[in-house]
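Colleague: dropping a prediction and its sequence here:
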Amino acid sequence: MAFFGAVDANEDIRNDAHSGPAESRPCAMEIPVYKVFLSSPGDVLPERDRAQAVIERLNAEHRGEQLFSLTRWEQSYYSATGTFQEQIPNPGEHDLVVFVFWKRLGTELPSAYNRPDGTSRTGTEYEFEEARDAREQRADQLPDILVYRKTAKITFDEETVGVEWAQKKALDQFWERWFRSNTGHYIAGFQTVTDAGNFEQQFELNLRDWLRRRQARHILWNIATQGSPYRGLAPLEEEQSGLFFGRDADIGRARARFIEAAIGPEAGRRGTRGSAGFASARCAAAHNRPSTAPVLRRRQLPPP
């Protein structure tokens, strides 16, 4: 069984797991929902969809606990009473801001969003600079910023070649300003990807690593409200599903045996150590049971 940060400062916590009022027990920190802002021009929509798929996959791995909320500009509605940009949440108020670039820098914003020196900027530039400025000002040094640049071959449409070439030139200038100088020196970190599939793989690895580092600062189980995570001989029930993860293969095998043997729902309640794992598998199966699941009937077994 694996769970992050269960309080184990001394054996007294384990020995007193079922004694004393909840108020007297150590209280672990709640894990926040990490807010992710996804920013890019419109030429990398497949990568944007893959980013959302990764976040949904990680959320699904933690039943009952949403790890991430995602902000995507194209999934909101926009009122005619204001500009697009003023209705998009500020990236600086997020925990992680993800940028993806290929051959465009984006659409130029109204003059109200110009820099203090009067120069104009696109929506993606604005969001990048807002995220950087917020990180410098916030005490928690967030948001973290991940940048990906797609290296697939660039082609232009004949009808719009002038506009597309200007976009590519603007992106190169942006890159020289923030990531690689005209002398060839790298001045900020970024990741390169070849296509949407490669981006998905890289982003998932990076996001898992980012999450692991953030979770190292927190404790996931609130003992004051959820009781001790050390169950002893007591079986794990659905309310303890947050404790039981990292053993998907074992749960899958247990679920398969459960279906094969057609054992009733009372299984796993006998209070043995082995039954705790089975109860967890039963709870996990309940979360993932499709609506067309067959009705299971108890097999008649001979008396012992």
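Modeller: Right, received. Where do you want to start?
Colleague: can I get the CA coordinates of stretch 172-192 in PDB?
Modeller: What follows is stretch 172-192, C-alpha atoms only, in PDB (Å, rounded to 0.1, in the frame of the first residue of the first chain):
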ATOM      1  CA  ASP A 172      11.500  34.000 -33.600                       C
ATOM      2  CA  GLN A 173      12.000  37.500 -32.100                       C
ATOM      3  CA  PHE A 174      10.000  36.500 -29.000                       C
ATOM      4  CA  TRP A 175      12.200  33.400 -28.700                       C
ATOM      5  CA  GLU A 176      15.400  35.500 -28.900                       C
ATOM      6  CA  ARG A 177      14.100  37.800 -26.200                       C
ATOM      7  CA  TRP A 178      13.200  35.200 -23.700                       C
ATOM      8  CA  PHE A 179      14.900  31.800 -24.500                       C
ATOM      9  CA  ARG A 180      17.800  32.000 -26.800                       C
ATOM     10  CA  SER A 181      19.800  35.100 -27.600                       C
ATOM     11  CA  ASN A 182      21.000  36.100 -31.000                       C
ATOM     12  CA  THR A 183      24.400  35.000 -29.900                       C
ATOM     13  CA  GLY A 184      23.100  31.400 -29.400                       C
ATOM     14  CA  HIS A 185      23.100  31.400 -25.600                       C
ATOM     15  CA  TYR A 186      20.200  29.700 -23.900                       C
ATOM     16  CA  ILE A 187      18.800  32.100 -21.300                       C
ATOM     17  CA  ALA A 188      15.700  30.100 -20.100                       C
ATOM     18  CA  GLY A 189      14.600  26.500 -20.000                       C
ATOM     19  CA  PHE A 190      12.100  24.900 -22.400                       C
ATOM     20  CA  GLN A 191      11.200  21.600 -23.900                       C
ATOM     21  CA  THR A 192      11.100  20.600 -27.600                       C
END
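Colleague: going forward, count from 53.
Modeller: Noted, 53 is the first residue going forward, which turns the last one into stretch 224-244.
Colleague: average model confidence for it?
Modeller: For stretch 224-244, mean pLDDT is 92.
Colleague: quick one: buried residues of it?
Modeller: Neighbour counts using 16 or more other C-beta atoms under 10 Å place Phe226, Trp227, Trp230, Phe231, Phe242 of stretch 224-244 among the buried residues. To be clear about C-beta, it is placed using only N, CA and C from the backbone, and glycine gets the same treatment.
Colleague: residue contacts, the first one?
Modeller: It refers to Phe226. Residues in contact with Phe226, defined by C-beta atoms under 8 Å, 6 or more residues apart in numbering, are Leu157, Glu177.
Colleague: helix/strand/coil for it?
Modeller: Secondary structure state of Phe226, per DSSP: H, G, I helix; E, B strand; the rest coil, is helix.
Colleague: please tell me how far Leu194 sits from Arg305.
Modeller: Going from Leu194 to Arg305 by C-beta to C-beta, to the nearest Å gives 40 Å.
Colleague: ok, now Phe151?
Modeller: Look at Phe151 and Arg305: by C-beta to C-beta, they are 41 Å apart.
Colleague: likewise for Trp230?
Modeller: For Trp230, the distance to Arg305 (C-beta to C-beta) stands at 49 Å.
Colleague: swap in Pro143?
Modeller: To Arg305, Pro143 is 43 Å away according to C-beta to C-beta.
Colleague: more neighbours: those two, which one.
Modeller: Neighbours were tallied for Pro143 and for Arg305 using other C-beta atoms under 10 Å; the higher tally belongs to Pro143 (27 against 12).
Colleague: was I right to think the more buried one contacts Glu181?
Modeller: No - here Pro143 does not reach Glu181: they are 9.5 Å apart, not a contact under C-beta atoms under 8 Å.
Colleague: for Val152, give its distance to Tyr282.
Modeller: Distance, Val152 to Tyr282, by C-beta to C-beta: 44 Å.
Colleague: the two - which one has more neighbours?
Modeller: Each of Val152 and Tyr282 has its neighbours counted (other C-beta under 10 Å); Val152 has more, 27 against 17.
Colleague: in which helix or strand does the nearest residue to Ser91 once chain neighbours are set aside reside?
Modeller: Closest residue to Ser91 apart from its sequence neighbours, by C-beta to C-beta, 6 or more residues apart in numbering: Glu179 at 4.4 Å. Taking DSSP states H and E as the definition, Glu179 sits inside helix 175-189.
Colleague: may I have that helix as PDB, with CA atoms only?
Modeller: Extracted C-alpha coordinates of helix 175-189, given in PDB (Å, rounded to 0.1, in the frame of the first residue of the first chain):
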ATOM      1  CA  GLY A 175      -2.400  37.500 -26.200                       C
ATOM      2  CA  THR A 176       0.200  34.700 -25.700                       C
ATOM      3  CA  GLU A 177       3.000  37.300 -25.100                       C
ATOM      4  CA  TYR A 178       0.800  39.100 -22.600                       C
ATOM      5  CA  GLU A 179       0.000  35.800 -20.700                       C
ATOM      6  CA  PHE A 180       3.700  34.900 -20.600                       C
ATOM      7  CA  GLU A 181       4.800  38.200 -19.300                       C
ATOM      8  CA  GLU A 182       1.900  38.300 -16.700                       C
ATOM      9  CA  ALA A 183       2.900  34.800 -15.500                       C
ATOM     10  CA  ARG A 184       6.600  35.900 -15.100                       C
ATOM     11  CA  ASP A 185       5.600  39.100 -13.300                       C
ATOM     12  CA  ALA A 186       3.300  37.300 -10.900                       C
ATOM     13  CA  ARG A 187       6.000  34.700 -10.100                       C
ATOM     14  CA  GLU A 188       8.400  37.500  -9.100                       C
ATOM     15  CA  GLN A 189       5.800  39.200  -6.900                       C
END
